[in-house]
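Asker: with the input below, show me the fold.
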Amino acid sequence: MKAEPETRIVKGVDVKFSIDNLRQMPNSISEWDGVRNFEARNIMRDQMKIGDKILFYHSNCKAPGVAGVATIVREGYPDYTAFDPDHPYFDTKSNKEEPKWYMVDVQFECKFSQVLTLNSLKQADELKEMVLIKRGRLSVQPVRKSEYDFILSNAEIEG
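Answerer: Coordinates of the predicted model:
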């Protein structure tokens with residue numbers, strides 16, 4: 001799951017969200033809202049289950065890459081930010097009766113001592129078929145167990 005760790009102002013609100021922001025949330029839990037891509041929405045709504053691990057990816061920054069791990073703690077439910085005209089992720093075509101967008105809740109698990117950069121991931125033969133490498137723009141992507149295990153085996157957990 002990709003998030004932008006650097007300041008980006010949308011409708012007067014800073015929408016940055018990093019692994020550190022997640023860790024600092026109450027109980028280290030946050031909604032993962034604002035996804036406005038149907039394929040990514042379908043993954044969150046239909047496939048993510050409580051207990052699933054996610055790779056927390058820092059995107060749209062100087063050194064994009066995997067920054068840590070989080071766990072799904074609430075399965076897909078309607079993304080209420082789409083209904084709020086004052087929210088940066090408001091969508092005029094979404095409504096409460098037939099929600100168009102969904103979100104999940106995630107809980108911080110660990111932060112890597114160093115981000116595993118996209119450039120370094122691209123060098124690994126074990127990841128050559130990874131969705132991140134082949135279709136990098138999708139904000140929520142499936143990860144094979146072998147890819148997840150390889151990434152964790154190459155990460156150093158902070159603290």
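Asker: going by neighbour count, list what's buried in the lengthiest strand in the chain.
Answerer: Across the chain, the longest stretch assigned as strand under DSSP state E is strand 102-117. Neighbour-count burial for strand 102-117 flags 102-112, 115-116 (criterion: 16 or more other CB atoms under 10 Å). Using the backbone N, CA and C atoms, a C-beta is placed for each residue, glycine as well.
Asker: helix or strand next in line after that strand, which one?
Answerer: Per DSSP states H and E, strand 102-117 leads on to helix 118-122 as the next helix or strand towards the C-terminus.
Asker: give the contact list for the residue of the chain most remote from its centre.
Answerer: Distance from the C-alpha centroid of the chain peaks at residue 97, with 26.1 Å (CA atoms, centre = their mean). Shown in contact with residue 97 (CB atoms under 8 Å, 6 or more residues apart in numbering): no residues.
Asker: now the helices for this protein?
Answerer: Per DSSP state H, the chain carries helices over the ranges 19-24, 38-42, 118-122, 131-134, 145-153.
Asker: the residue nearest to residue 59 when sequence neighbours are not counted: neighbour count?
Answerer: Nearest residue to residue 59, sequence neighbours excluded (CB to CB, 6 or more residues apart in numbering): residue 2, at 4.0 Å. By the criterion of other CB atoms under 10 Å, residue 2 has 21 neighbours.
Asker: picking up where we left off before, would TSV of the helices of the chain with mean neighbour count and distance to residue 30 be doable?
Answerer: Output for the helices of the chain, formatted as TSV (neighbours: other CB atoms under 10 Å; distance: least, CB to CB, whole Å):
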stretch	mean neighbour count	distance to residue 30
helix 19-24	17	5
helix 38-42	15	17
helix 118-122	15	23
helix 131-134	16	22
helix 145-153	15	21
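Asker: format the ones you listed as a markdown table; extra columns: mean pLDDT.
Answerer: Listed next are those as a markdown table, based on pLDDT from 0 to 100:
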| stretch | mean pLDDT |
| --- | --- |
| helix 19-24 | 98 |
| helix 38-42 | 96 |
| helix 118-122 | 96 |
| helix 131-134 | 94 |
| helix 145-153 | 98 |
